[in-house]
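Undergrad: Have a look; sequence and predicted model below, questions after that.
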Amino acid sequence: MGLFTGKVVIVTGSGNGIGKATALAFAKAGALVVVNDVGGTRDGAGKDQKAADAVVADIKDAGGEAVATYTSVSDLDGAENIVWTALNRWKRVDVLVNNAGILRDRALLNMQVSEWDAVLDVHLKGSFLMTRAFARAIKVQGTGSYAIVNTTSMSGLLGNFGQANYSSAKAGLFGLTRTSSIELAKLGCRVNAIAPVALTRMTEDIAMLKDVGVDQMGPQHVAPVVTWLASDVAVEVNGRIFGVHGSKIFEYRMTQSEGVEGVAGVPWTPESLQAALAKIEK
Ligand SMILES: NC(=O)c1ccc[n+]([C@@H]2O[C@H](COP(=O)([O-])OP(=O)(O)OC[C@H]3O[C@@H](n4cnc5c(N)ncnc54)[C@H](O)[C@@H]3O)[C@@H](O)[C@H]2O)c1
(Lines give C-alpha, C1' and ligand atoms only; values in the text may rest on other atoms or scores of the structure.)
Protein backbone atom coordinates (compact mmCIF):
# COMPACT_ATOMS: atom_id res chain seq x y z
CA MET A 1 0.00 0.00 0.00
CA GLY A 2 1.33 3.43 -0.95
CA LEU A 3 0.67 6.62 0.99
CA PHE A 4 -2.00 7.58 -1.58
CA THR A 5 -3.47 4.23 -2.58
CA GLY A 6 -7.04 4.81 -3.77
CA LYS A 7 -6.78 8.60 -3.44
CA VAL A 8 -7.64 10.82 -6.38
CA VAL A 9 -5.13 13.61 -6.95
CA ILE A 10 -5.40 16.51 -9.40
CA VAL A 11 -2.16 18.23 -10.42
CA THR A 12 -2.63 21.28 -12.65
CA GLY A 13 0.08 22.13 -15.14
CA SER A 14 1.58 18.66 -14.75
CA GLY A 15 2.74 18.23 -18.35
CA ASN A 16 6.15 19.73 -17.52
CA GLY A 17 8.56 20.65 -14.76
CA ILE A 18 7.52 20.59 -11.12
CA GLY A 19 3.95 19.48 -11.89
CA LYS A 20 5.19 16.53 -13.92
CA ALA A 21 7.58 15.39 -11.16
CA THR A 22 4.74 15.80 -8.66
CA ALA A 23 2.23 13.81 -10.73
CA LEU A 24 4.78 10.98 -11.14
CA ALA A 25 5.51 10.99 -7.38
CA PHE A 26 1.81 10.77 -6.49
CA ALA A 27 1.29 7.94 -8.98
CA LYS A 28 4.27 6.07 -7.55
CA ALA A 29 2.68 6.39 -4.11
CA GLY A 30 -0.51 4.74 -5.42
CA ALA A 31 -2.65 7.77 -6.33
CA LEU A 32 -5.10 7.93 -9.23
CA VAL A 33 -3.84 11.06 -10.96
CA VAL A 34 -5.55 13.69 -13.08
CA VAL A 35 -2.80 15.16 -15.27
CA ASN A 36 -3.97 18.60 -16.39
CA ASP A 37 -2.02 20.71 -18.86
CA VAL A 38 -2.89 23.05 -21.72
CA GLY A 39 0.50 22.32 -23.26
CA GLY A 40 1.34 25.93 -24.08
CA THR A 41 4.70 27.70 -24.19
CA ARG A 42 6.37 29.23 -21.13
CA ASP A 43 4.49 32.50 -21.70
CA GLY A 44 1.16 30.70 -22.05
CA ALA A 45 0.80 30.86 -25.83
CA GLY A 46 -0.68 27.97 -27.81
CA LYS A 47 -1.87 24.57 -26.69
CA ASP A 48 -0.88 20.96 -27.24
CA GLN A 49 -2.29 17.76 -25.75
CA LYS A 50 1.06 16.00 -26.05
CA ALA A 51 2.45 17.32 -22.74
CA ALA A 52 -0.32 15.83 -20.58
CA ASP A 53 -0.58 12.69 -22.73
CA ALA A 54 3.14 11.94 -22.32
CA VAL A 55 2.92 12.13 -18.52
CA VAL A 56 -0.17 9.89 -18.48
CA ALA A 57 1.76 7.41 -20.65
CA ASP A 58 4.75 7.53 -18.26
CA ILE A 59 2.48 6.83 -15.28
CA LYS A 60 0.72 3.97 -17.04
CA ASP A 61 4.02 2.47 -18.24
CA ALA A 62 5.15 2.40 -14.60
CA GLY A 63 1.96 0.52 -13.64
CA GLY A 64 0.01 3.51 -12.30
CA GLU A 65 -3.34 5.05 -13.20
CA ALA A 66 -3.85 8.49 -14.71
CA VAL A 67 -6.16 10.48 -16.95
CA ALA A 68 -5.33 13.59 -19.00
CA THR A 69 -7.29 16.84 -19.25
CA TYR A 70 -6.23 19.76 -21.40
CA THR A 71 -8.48 22.63 -20.29
CA SER A 72 -7.20 25.87 -18.79
CA VAL A 73 -7.38 26.49 -15.05
CA SER A 74 -8.06 30.16 -15.77
CA ASP A 75 -11.34 29.43 -17.51
CA LEU A 76 -14.44 28.71 -15.37
CA ASP A 77 -15.64 25.80 -17.50
CA GLY A 78 -12.06 24.60 -17.95
CA ALA A 79 -11.41 24.45 -14.19
CA GLU A 80 -14.71 22.70 -13.50
CA ASN A 81 -13.96 20.23 -16.29
CA ILE A 82 -10.72 19.27 -14.55
CA VAL A 83 -12.54 18.39 -11.33
CA TRP A 84 -15.34 16.65 -13.26
CA THR A 85 -12.73 14.55 -15.09
CA ALA A 86 -11.75 13.11 -11.71
CA LEU A 87 -15.36 12.68 -10.56
CA ASN A 88 -16.44 11.02 -13.81
CA ARG A 89 -13.53 8.60 -13.79
CA TRP A 90 -13.06 7.81 -10.08
CA LYS A 91 -16.18 9.27 -8.40
CA ARG A 92 -14.18 11.33 -5.90
CA VAL A 93 -11.36 13.81 -5.32
CA ASP A 94 -8.91 13.90 -2.41
CA VAL A 95 -6.02 16.20 -3.28
CA LEU A 96 -5.61 19.30 -5.43
CA VAL A 97 -2.21 20.69 -6.40
CA ASN A 98 -2.46 24.18 -7.90
CA ASN A 99 0.77 24.24 -9.90
CA ALA A 100 -0.05 25.57 -13.41
CA GLY A 101 1.86 28.72 -14.25
CA ILE A 102 3.20 31.03 -16.93
CA LEU A 103 5.63 33.96 -17.09
CA ARG A 104 5.32 37.33 -18.86
CA ASP A 105 8.21 39.24 -17.29
CA ARG A 106 8.67 42.94 -18.00
CA ALA A 107 9.70 45.98 -15.97
CA LEU A 108 6.68 47.68 -14.41
CA LEU A 109 7.16 50.86 -16.46
CA ASN A 110 6.63 48.91 -19.68
CA MET A 111 4.26 46.18 -18.54
CA GLN A 112 1.17 45.80 -20.70
CA VAL A 113 -2.29 45.23 -19.23
CA SER A 114 -2.50 42.05 -21.29
CA GLU A 115 0.69 40.78 -19.60
CA TRP A 116 -0.72 41.59 -16.18
CA ASP A 117 -4.06 39.90 -16.94
CA ALA A 118 -2.59 36.74 -18.48
CA VAL A 119 -0.36 36.02 -15.48
CA LEU A 120 -2.95 36.90 -12.82
CA ASP A 121 -5.51 34.77 -14.69
CA VAL A 122 -3.48 31.57 -14.70
CA HIS A 123 -1.86 31.72 -11.25
CA LEU A 124 -4.40 33.49 -9.06
CA LYS A 125 -7.79 33.22 -10.76
CA GLY A 126 -6.91 29.68 -11.88
CA SER A 127 -6.06 28.61 -8.33
CA PHE A 128 -9.25 30.22 -7.03
CA LEU A 129 -11.44 28.51 -9.66
CA MET A 130 -9.79 25.15 -9.02
CA THR A 131 -10.01 25.55 -5.23
CA ARG A 132 -13.70 26.46 -5.41
CA ALA A 133 -14.56 23.56 -7.75
CA PHE A 134 -12.58 21.14 -5.56
CA ALA A 135 -14.14 22.50 -2.35
CA ARG A 136 -17.65 22.11 -3.76
CA ALA A 137 -16.86 18.51 -4.69
CA ILE A 138 -15.51 17.58 -1.24
CA LYS A 139 -18.49 19.27 0.41
CA VAL A 140 -20.72 16.83 -1.47
CA GLN A 141 -18.43 13.91 -0.58
CA GLY A 142 -18.56 14.83 3.12
CA THR A 143 -15.98 15.68 5.74
CA GLY A 144 -12.81 13.66 5.27
CA SER A 145 -9.07 14.01 4.95
CA TYR A 146 -8.42 16.31 2.02
CA ALA A 147 -5.53 18.56 1.04
CA ILE A 148 -4.71 21.41 -1.31
CA VAL A 149 -1.13 22.44 -2.08
CA ASN A 150 -0.71 25.83 -3.74
CA THR A 151 2.39 27.08 -5.50
CA THR A 152 3.61 30.52 -4.52
CA SER A 153 7.10 31.92 -5.07
CA MET A 154 9.98 33.77 -3.52
CA SER A 155 9.13 36.50 -6.04
CA GLY A 156 5.65 36.85 -4.57
CA LEU A 157 6.77 36.73 -0.96
CA LEU A 158 9.84 38.95 -1.26
CA GLY A 159 9.46 40.78 -4.63
CA ASN A 160 11.55 40.59 -7.79
CA PHE A 161 12.50 43.07 -10.51
CA GLY A 162 10.51 42.58 -13.73
CA GLN A 163 7.79 40.48 -12.16
CA ALA A 164 5.08 42.88 -10.96
CA ASN A 165 2.40 40.63 -12.50
CA TYR A 166 3.90 37.32 -11.35
CA SER A 167 4.81 38.50 -7.85
CA SER A 168 1.35 40.02 -7.34
CA ALA A 169 -0.25 36.74 -8.41
CA LYS A 170 2.05 34.72 -6.14
CA ALA A 171 1.48 37.09 -3.20
CA GLY A 172 -2.24 36.58 -3.85
CA LEU A 173 -1.64 32.86 -3.50
CA PHE A 174 -0.30 33.51 0.00
CA GLY A 175 -3.65 35.12 0.86
CA LEU A 176 -5.65 32.39 -0.88
CA THR A 177 -3.70 29.73 1.04
CA ARG A 178 -4.24 31.43 4.39
CA THR A 179 -7.94 32.13 3.88
CA SER A 180 -8.85 28.79 2.32
CA SER A 181 -6.93 26.97 5.09
CA ILE A 182 -9.26 28.69 7.55
CA GLU A 183 -12.49 28.27 5.55
CA LEU A 184 -12.01 24.67 4.40
CA ALA A 185 -10.84 23.27 7.75
CA LYS A 186 -14.44 22.41 8.60
CA LEU A 187 -14.50 20.03 5.60
CA GLY A 188 -11.32 18.31 6.79
CA CYS A 189 -9.27 20.00 4.08
CA ARG A 190 -5.80 21.36 4.83
CA VAL A 191 -4.33 24.03 2.56
CA ASN A 192 -0.60 24.75 2.43
CA ALA A 193 1.77 26.21 -0.16
CA ILE A 194 5.25 25.70 -1.47
CA ALA A 195 7.60 28.37 -2.77
CA PRO A 196 9.99 26.33 -4.92
CA VAL A 197 13.16 27.04 -6.82
CA ALA A 198 13.85 24.36 -9.42
CA LEU A 199 15.51 24.02 -12.77
CA THR A 200 12.65 23.81 -15.31
CA ARG A 201 11.88 25.53 -18.60
CA MET A 202 10.56 28.43 -16.48
CA THR A 203 14.01 29.01 -14.99
CA GLU A 204 16.24 27.63 -17.74
CA ASP A 205 17.70 31.08 -18.48
CA ILE A 206 18.89 31.62 -14.89
CA ALA A 207 22.60 30.82 -15.28
CA MET A 208 23.18 30.23 -11.57
CA LEU A 209 20.58 27.44 -11.51
CA LYS A 210 21.88 25.89 -14.71
CA ASP A 211 25.40 25.83 -13.30
CA VAL A 212 24.27 23.96 -10.18
CA GLY A 213 22.48 21.48 -12.45
CA VAL A 214 19.44 19.25 -12.48
CA ASP A 215 20.76 16.70 -9.97
CA GLN A 216 20.85 19.30 -7.23
CA MET A 217 18.10 21.66 -8.39
CA GLY A 218 15.70 19.54 -10.45
CA PRO A 219 11.95 19.30 -9.73
CA GLN A 220 12.45 15.85 -8.20
CA HIS A 221 13.42 17.71 -5.00
CA VAL A 222 10.14 19.63 -4.93
CA ALA A 223 7.74 16.72 -5.52
CA PRO A 224 8.27 14.99 -2.12
CA VAL A 225 7.46 18.22 -0.29
CA VAL A 226 4.15 18.41 -2.16
CA THR A 227 3.30 14.75 -1.47
CA TRP A 228 4.24 15.22 2.20
CA LEU A 229 1.95 18.25 2.57
CA ALA A 230 -0.87 16.41 0.78
CA SER A 231 -0.53 13.26 2.87
CA ASP A 232 -1.98 12.32 6.23
CA VAL A 233 1.60 12.29 7.53
CA ALA A 234 1.28 16.11 7.61
CA VAL A 235 -2.15 16.03 9.25
CA GLU A 236 -1.27 18.86 11.64
CA VAL A 237 0.24 21.14 9.01
CA ASN A 238 -2.24 23.75 7.77
CA GLY A 239 -2.02 27.26 6.34
CA ARG A 240 1.76 27.22 6.05
CA ILE A 241 4.27 28.09 3.34
CA PHE A 242 7.44 26.07 2.77
CA GLY A 243 10.39 27.16 0.65
CA VAL A 244 12.07 24.37 -1.33
CA HIS A 245 15.44 25.09 -2.93
CA GLY A 246 16.85 21.76 -4.06
CA SER A 247 17.46 19.76 -0.90
CA LYS A 248 16.99 22.81 1.36
CA ILE A 249 13.56 23.20 3.00
CA PHE A 250 12.52 26.15 5.14
CA GLU A 251 9.37 27.98 6.24
CA TYR A 252 8.22 31.45 5.20
CA ARG A 253 6.34 33.31 7.95
CA MET A 254 4.49 36.61 7.92
CA THR A 255 5.49 38.39 11.13
CA GLN A 256 3.97 41.34 12.96
CA SER A 257 6.18 43.60 15.05
CA GLU A 258 5.17 44.30 18.63
CA GLY A 259 4.52 47.92 17.66
CA VAL A 260 3.81 50.86 19.90
CA GLU A 261 0.67 52.34 21.50
CA GLY A 262 0.02 56.02 20.81
CA VAL A 263 -1.95 58.32 23.09
CA ALA A 264 -5.55 57.06 23.34
CA GLY A 265 -7.90 59.28 21.34
CA VAL A 266 -5.05 61.35 19.85
CA PRO A 267 -4.39 60.63 16.16
CA TRP A 268 -0.79 60.18 15.08
CA THR A 269 0.84 62.78 12.85
CA PRO A 270 3.45 62.14 10.13
CA GLU A 271 6.07 63.70 12.42
CA SER A 272 5.13 61.68 15.51
CA LEU A 273 5.01 58.47 13.41
CA GLN A 274 8.50 59.16 12.05
CA ALA A 275 9.76 59.82 15.56
CA ALA A 276 8.24 56.51 16.74
CA LEU A 277 9.49 54.44 13.78
CA ALA A 278 12.15 52.57 15.75
CA LYS A 279 9.50 51.49 18.28
CA ILE A 280 6.95 50.58 15.54
CA GLU A 281 9.49 48.29 13.90
CA LYS A 282 10.45 46.52 17.15
N1 LIG B 1 10.78 26.64 -11.44
C2 LIG B 1 10.93 27.45 -10.41
O3 LIG B 1 12.05 27.73 -9.93
C4 LIG B 1 9.72 28.06 -9.77
C5 LIG B 1 9.91 29.03 -8.77
C6 LIG B 1 8.82 29.55 -8.11
C7 LIG B 1 7.55 29.12 -8.47
N8 LIG B 1 7.39 28.22 -9.46
C9 LIG B 1 6.03 27.83 -9.81
O10 LIG B 1 5.95 26.43 -9.93
C11 LIG B 1 4.90 26.11 -10.86
C12 LIG B 1 5.43 25.16 -11.91
O13 LIG B 1 6.45 25.82 -12.62
P14 LIG B 1 7.55 25.07 -13.51
O15 LIG B 1 8.83 25.69 -13.19
O16 LIG B 1 7.38 23.60 -13.40
O17 LIG B 1 7.13 25.59 -14.97
P18 LIG B 1 6.79 24.80 -16.34
O19 LIG B 1 6.64 25.84 -17.37
O20 LIG B 1 7.78 23.72 -16.54
O21 LIG B 1 5.39 24.12 -16.03
C22 LIG B 1 4.19 24.85 -15.94
C23 LIG B 1 3.11 24.06 -16.62
O24 LIG B 1 1.84 24.73 -16.46
C25 LIG B 1 1.11 24.58 -17.67
N26 LIG B 1 0.09 25.63 -17.77
C27 LIG B 1 0.28 26.94 -18.05
N28 LIG B 1 -0.89 27.58 -18.09
C29 LIG B 1 -1.86 26.67 -17.83
C30 LIG B 1 -3.26 26.74 -17.73
N31 LIG B 1 -3.91 27.90 -17.90
N32 LIG B 1 -3.95 25.62 -17.43
C33 LIG B 1 -3.30 24.43 -17.28
N34 LIG B 1 -1.95 24.31 -17.39
C35 LIG B 1 -1.24 25.41 -17.65
C36 LIG B 1 2.17 24.71 -18.75
O37 LIG B 1 1.72 24.20 -19.99
C38 LIG B 1 3.33 23.94 -18.15
O39 LIG B 1 3.31 22.58 -18.52
C40 LIG B 1 4.40 27.45 -11.41
O41 LIG B 1 3.26 27.86 -10.68
C42 LIG B 1 5.56 28.37 -11.13
O43 LIG B 1 5.15 29.72 -11.05
C44 LIG B 1 8.43 27.69 -10.13
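TA: Now that the structure is in, tell me what you want to look at. Numbering: from 1, shown residues only.

Undergrad: all contacts plus neighbour counts: C-alpha atoms, from now on.
TA: Fine.

Undergrad: in the sheet, who's paired with the residue of the stretch 101-250 of the chain found nearest the ligand?
TA: Per Cα to the nearest ligand atom, the residue of the stretch 101-250 of the chain with the smallest distance to the ligand is V197, at 3.4 Å. For V197, the beta-bridge partners under DSSP bridges are H245.

Undergrad: Those residues of the stretch 51-200 of the chain touching the ligand, which are they?
TA: Where the stretch 51-200 of the chain comes near the ligand, counting by Cα under 6 Å from any ligand atom, the residues are 72-74, 99-102, 122, 151-153, 195-200.

Undergrad: Tell me which of those residues fall in strands.
TA: Using DSSP state E, the members of those that fall in strands are T151, A195, P196, V197.

Undergrad: For stretch 228-235, which residues meet the burial criterion?
TA: The neighbour-count check on stretch 228-235 (16 or more other Cα atoms under 10 Å) flags L229, A230, S231, D232, V235 as buried.

Undergrad: element containing the first one?
TA: It stands for L229. Using DSSP states H and E, L229 sits within helix 223-230.

Undergrad: For the protein, just list every one of the strands.
TA: 8-11, 32-36, 65-69, 95-98, 146-151, 189-197, 241-245, 248-252.

Undergrad: want to throw those into CSV with distance to E80 and mean pLDDT?
TA: Output for the strands of the chain, formatted as CSV (distance: least, Cα to Cα, whole Å; pLDDT from 0 to 100):
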stretch, distance to E80, mean pLDDT
strand 8-11, 12, 99
strand 32-36, 12, 98
strand 65-69, 11, 98
strand 95-98, 13, 99
strand 146-151, 16, 98
strand 189-197, 19, 98
strand 241-245, 26, 98
strand 248-252, 31, 98
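
Undergrad: right, so of those strands, which gets closest to G126?
TA: Within the strands of the chain, the stretch nearest G126 is strand 95-98; the backing value is 8.1 Å (Cα to Cα).

Undergrad: Within the sheet, what are the partner strands of that closest one, with directions?
TA: Strand 95-98 sits in its sheet next to strand 8-11 (parallel), strand 146-151 (parallel), going by DSSP bridges.

Undergrad: Dump those strands into JSON lines; add distance to A31 and mean neighbour count as well.
TA: Compiled in JSON lines, the strands paired with strand 95-98 are given as follows (distance: least, Cα to Cα, whole Å; neighbours: other Cα atoms under 10 Å):
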{"stretch": "strand 8-11", "distance to A31": "6", "mean neighbour count": "28"}
{"stretch": "strand 146-151", "distance to A31": "13", "mean neighbour count": "27"}
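
Undergrad: quick one, which of the ones you listed is nearest to T177?
TA: Nearest to T177 among these is strand 146-151 (6.9 Å), distances taken as Cα to Cα.
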